[in-house]
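Engineer: using only what follows, build the 3D model:
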Amino acid sequence: MKKDIIHVVGTMFFENDRLLIDKPRKRSTYQMIGGRVEDSDPSFLAAAIRECHEELGSEAIFDKSKIKPVMDFEEIATSDPTQKIHMHIFQYEGTLEGKLTTSEEIESFMWFGANDDRNILSNTLKNEIVPYAISKKLIK
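Structural biologist: Have a look, this model is predicted:
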């Protein structure tokens, strides 16, 4: 039986030439801020905003009007090699304010630079997001 494509959103936050990533408690690698689009989400942007609130914590402050779409692509899910996912990637065009807080889902955060160890990254970060950010000189 053929599986439907799952839609996933991710938002890139940059500060001091570094990309914000997080480490879920259930995974061995860091991922970008984001997650699966839910049936209740009215748009991909709404899903990205919801995921930012969920993963960054209630003390993180960002202006949702500064979250802009930058690219999308299809890939195979890291957790299931038989599952195709369609990634909708956004970029925050501002400075993240407030405080990042961990949760039951998120173990830690990291500001990732171009010279940091890519072995800690999810496939999406390693193969798509970090190369994109380096090519656009968003991380150094």
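Engineer: from here on, contacts and neighbour counts on C-alpha atoms
Structural biologist: OK.
Engineer: in the chain, where's the longest helix?
Structural biologist: Using DSSP state H, we find that the single longest helix of the chain is helix 44-56.
Engineer: what is the helix or strand following that helix packed up against?
Structural biologist: Sequence-wise, the next helix or strand downstream of helix 44-56 (DSSP states H and E) is strand 60-61. Strand 60-61 is packed against strand 97-98, with contacts defined by 3 or more CA pairs under 8 Å, 6 or more residues apart in numbering; DSSP states H and E.
Engineer: just the helices in the protein please.
Structural biologist: 44-56, 123-124, 130-135.
Engineer: what's around the closest residue to Asp63 other than its chain neighbours, how many residues?
Structural biologist: Using CA to CA, 6 or more residues apart in numbering and skipping the chain neighbours, the partner closest in space to Asp63 is Gly94 (7.9 Å). Number of residues near Gly94 (other CA atoms under 10 Å) recorded here: 15.
Engineer: nearest to Ile106, out of the helices of the chain?
Structural biologist: helix 44-56 (6.6 Å; CA to CA).
Engineer: residues in contact with that closest one?
Structural biologist: For helix 44-56, the surrounding residues in contact (CA atoms under 8 Å, 6 or more residues apart in numbering) are 9-11, 33-38, 41, 60, 64, 67, 69, 88, 90, 100-103, 105-106.
Engineer: show the buried residues in these.
Structural biologist: Buried subset of those (neighbour count, 16 or more other CA atoms under 10 Å): 9-11, 33-37, 64, 67, 69, 88, 90, 100-102, 106.
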